[in-house]
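Okay, sequence plus prediction incoming.
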Amino acid sequence: MSTIARQALLSIETLLPNVSATQCLAAEVAAQAQRGDVIALSGDLGSGKTTFARYFLSARGVEGEVPSPTFTLVQTYSVKPAAIWHFDLYRISTRDDALELGIEEAFADGISLIEWPDRLEDLLPSHRLDVDLSFVDSDEDARKAHLSGNDTWRKRLEAAGLGTLDRDRAKL
Ligand SMILES: Nc1ncnc2c1ncn2[C@@H]1O[C@H](COP(=O)(O)OP(=O)(O)OP(=O)(O)O)[C@@H](O)[C@H]1O
Ligand SMILES: [Mg+2]
């Protein structure tokens, strides 16, 4: 990969000192999301993937209770302008199980939020935004988030002011 291409990729690491900071980040990403987008939510059990998804959905106008798709594997929300599909793939056995859940329709027509995206193997689109959440030692309310993606995501998030995320978060 050339130096120019590497510089064009998105890579932001930020501290989320509390759930409110996670809410802000999810809302900021939600404001940039468009039909066909895939947002891959990674991180250990309890790191905050569903919490991020709930705030994302709320920011896109989903009202009421948002159940975790732990057992249903997918929950869909018919909001305008694009339906949102929230997957939790922890329990699928093979990538083909995701096809039965309708993941191709989600990729084509909706916005996809995917917990445990590694289960998709080669089905995971390269144009996705990766959001990796991790625990912070000695602070149970804090998480670290690493956002990475292609040039399109970098431009969108920079336009939204997220290029200065680290500096802004430090004020929280
Ligand atoms: N800064 C933070 N951001 C997100 N969640 C936080 C934060 N601090 C504490 N939490 C808490 O951590 C928990 C995260 O649970 P959540 O269900 O979102 O995790 P998950 O990654 O989806 O887990 P699983 O792998 O089991 O699906 C929630 O109880 C949430 O309130
Ligand atoms: Mg979860």
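That came through, no problem. In this text the structure is predicted, and so the values were computed from the model without any measurement. Ligands and ions are numbered 1, 2, ... in the order given.

Okay, helices next: where are they in the protein?
Secondary structure of the chain (DSSP state H): helices at 3-8, 19-32, 49-59, 95-100, 103-109, 151-159, 165-170.

quick check, distance from the longest one to the centre of its chain.
Taking CA atoms, centre = their mean, to the nearest Å, one finds helix 19-32 lying 10 Å from the centre of the chain it belongs to.

From the contact counts, what lies against it?
Judged by 3 or more CB pairs under 8 Å, 6 or more residues apart in numbering; DSSP states H and E, helix 19-32 is in contact with strand 10-16, helix 49-59, strand 143-149, helix 151-159. To be clear about C-beta, it is placed using only N, CA and C from the backbone, and glycine gets the same treatment.

The third one now?
Applying 3+ CB pairs under 8 Å, 6+ apart, we find helix 49-59 packed against helix 19-32, strand 38-42, strand 84-88, strand 111-115, strand 129-135.

Dump the C-alpha coordinates for stretch 100-110 into CSV.
Taking only C-alpha atoms (Å, rounded to 0.1, in the frame of the first residue of the first chain), the coordinates of stretch 100-110 have been written out as CSV:
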residue,chain,number,x,y,z
GLU,A,100,-30.5,-16.9,6.2
LEU,A,101,-30.9,-13.9,8.5
GLY,A,102,-31.1,-11.7,5.4
ILE,A,103,-27.8,-10.0,5.6
GLU,A,104,-27.5,-9.5,1.9
GLU,A,105,-30.8,-7.6,1.9
ALA,A,106,-29.5,-5.5,4.9
PHE,A,107,-26.3,-4.7,3.0
ALA,A,108,-28.2,-3.7,-0.1
ASP,A,109,-31.1,-1.7,1.3
GLY,A,110,-30.5,-0.8,4.9
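
tell me the average confidence for it?
In this model, stretch 100-110 has an average pLDDT of 97.

who in this structure is up against ligand 2?
Lys49, Thr50, Glu115 (CB under 5 Å from the ion).

OK, now which residue of this structure is nearest to ligand 2?
Taking CB to the ion, ligand 2 has its nearest neighbour within the chain at Thr50, 3.3 Å off.

In contact with that residue, which residues are there?
Ser68, Asp88, Glu115 (CB atoms under 8 Å, 6 or more residues apart in numbering).

hang on, the second one packs against Ala98?
In this case it means Asp88. No. Counting by CB atoms under 8 Å, Asp88 does not reach Ala98; the two are 11.1 Å apart.

Enumerate every residue touching the closest residue to Trp85 other than its chain neighbours.
Leaving aside its sequence neighbours, Trp85 sits nearest to Ala106 (CB to CB, 6 or more residues apart in numbering; 3.9 Å). Ala106 makes contacts with Val74, Thr76, Trp85, Phe87, Ser112, as judged by CB under 8 Å, 6+ apart.
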